[in-house]
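> Just a sequence and a predicted model for now, questions to come.
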Amino acid sequence: MEGGIQVGCNCDCNCNSKNLSQDEILQIFKDTGALLQGHFLLTSGKHSAQYMQCAQVLQYPIKAEALCKELAVKFENFEIDTVIAPAVGGIVVAYEVGRALGVKAIFTERQNGEMTLRRGFELAPGEKVLVVEDVITTGGSVKEVIKVVKEVGAIPVGVGVLVDRSGGKAEFEGLRLNSLIQMNIEVFEPDNCPLCAKGLPAEKPGSRK
Ligand SMILES: [Zn+2]
């Protein structure tokens, strides 16, 4: 545990870190600028000591591949036929998890606000589908993907995310949820911020060079 960050398996399957150690996973997020530590001014007006921008880690294919392989391992006994993700954030994750599992990877996207399969992507009835995403907070997009999968008669068998920010609240119809990192970022009101109290200068995330 580091702050509100927990690395490693959140399930009871004993599938922890077959490729990367927990420290290595955390270090990849830090090295790529996906996980920032400091004193941040959030768009909500609140302050925090941590900030996560998952897309930063996916800039680097070798690192994305390593993380997604780690995620894929957690589902290696699920007989997955296809990996699916909601666009845009999940596309790279689906692609790399699909590569690791040796299966097809597709994505859903919104058309007139509704999550749908486009571009000729298809799922067959009975196909076993793993839903993945880069980061979840409420898990809303993942739920919409699960609905799309079920509508065509395919079978959602699990949900895999790089970062779970739901605080354990995300629930997907009893499906196994696995993540590499679970984060609860503590936020402070500006007039009650321990970092401000220490006199640490605050920055907007992304402004660091
Ligand atoms: Zn502050």
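That came through, no problem.

> Tell me where this structure has helices.
22-31, 61-73, 91-101, 140-151, 194-197 (DSSP state H).

> okay if I get the ones you listed as TSV plus distance to Val131?
Every C-beta, even on glycine, is put in place using the N, C-alpha and C of the backbone. Shown next, in TSV, are those (distance: least, CB to CB, whole Å):
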stretch	distance to Val131
helix 22-31	21
helix 61-73	12
helix 91-101	9
helix 140-151	5
helix 194-197	36
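
> now Ala154: how far from Thr82?
Look at Ala154 and Thr82: by CB to CB, to the nearest Å, they are 8 Å apart.

> what sits in contact with each of the two?
Contact with both Ala154 and Thr82 is made by residues 123, 127-129, according to CB atoms under 8 Å, 6 or more residues apart in numbering.

> ok, back up a step: and among the helices of the chain, the most buried is which?
Most buried of the helices of the chain, by mean neighbour count (mean count of other CB atoms under 10 Å): helix 91-101, with a mean of 23.

> so that helix versus helix 140-151, what angle?
60 degrees (axes from the mean of the first three to the mean of the last three CA atoms, to 10 degrees).

> just for the protein, where's the confidence low?
1-3, 8-18, 207-209 (pLDDT under 70).

> Could you pick out the residues of it near the ion for me?
Proximity of the chain to the ion (CB under 5 Å from the ion) is limited to residues 47, 193, 195-196.

> At which residues are the strands of the protein located?
Along the chain, counting by DSSP state E, strands occupy 5-7, 35-41, 47-52, 82-86, 104-111, 114-117, 128-136, 155-164, 176-183, 187-188.
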